[in-house]
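Chemist: pasting a predicted model and its sequence here:
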Amino acid sequence: QVQLVESGGGLVQPGGSLRLSCAASGSMFSIYTMGWYRQAPGKQRELVATISSSGSTNYIDSVKGRFAISRDNAENTVYLQMNSLKPGDTAVYYCHALGPLCSGYVCSTDNFDFWGQGTQVTVSS
């Protein structure tokens, strides 16, 4: 079981910045594809950004040029730097991991989804 704990959410004015962090448990963090999702009130959860084990990144169009996902494998942490925030970015942000279930360094052949509990980001003046 991979446990994910997000932090860094809060209230920010339009045009401001926030940095979300997600700390992961376990010894195999470096092999997981990590991502950030968000869910606004009354809307479906959507993928915001992903970063692969090799460091390749992908973003939805609405955040390109404003958000940056990164990872620190030594710290078992993934980050989401959010700049030029807009009211439309208001949502609960969830950290996601995709990878095998591992016990120590012994891992399953199947991949599983792991989720954090979410952190609220509110962009408002």
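Modeler: Received the coordinates, thanks.

Chemist: from the contact counts, what lies against the helix or strand of the chain with the lowest mean pLDDT?
Modeler: One helix or strand of the chain scores below all others by mean pLDDT, DSSP states H and E: strand 106-115, with a mean of 91. Under the contact definition 3 or more C-beta pairs under 8 Å, 6 or more residues apart in numbering; DSSP states H and E, strand 106-115 sits against strand 91-103. From N, CA and C alone the C-beta is placed, and that goes for glycine too.

Chemist: using the three-state scheme, assign Gln117.
Modeler: coil (DSSP: H, G, I helix; E, B strand; the rest coil).

Chemist: please report how far the nearest residue to it once chain neighbours are set aside lies from Pro14.
Modeler: Nearest non-adjacent residue to Gln117, counting by C-beta to C-beta, 6 or more residues apart in numbering: Glu6, 6.8 Å away. Note on Glu6: its distance to Pro14, by C-beta to C-beta, to the nearest Å, is 22 Å.

Chemist: noted, bye for now.
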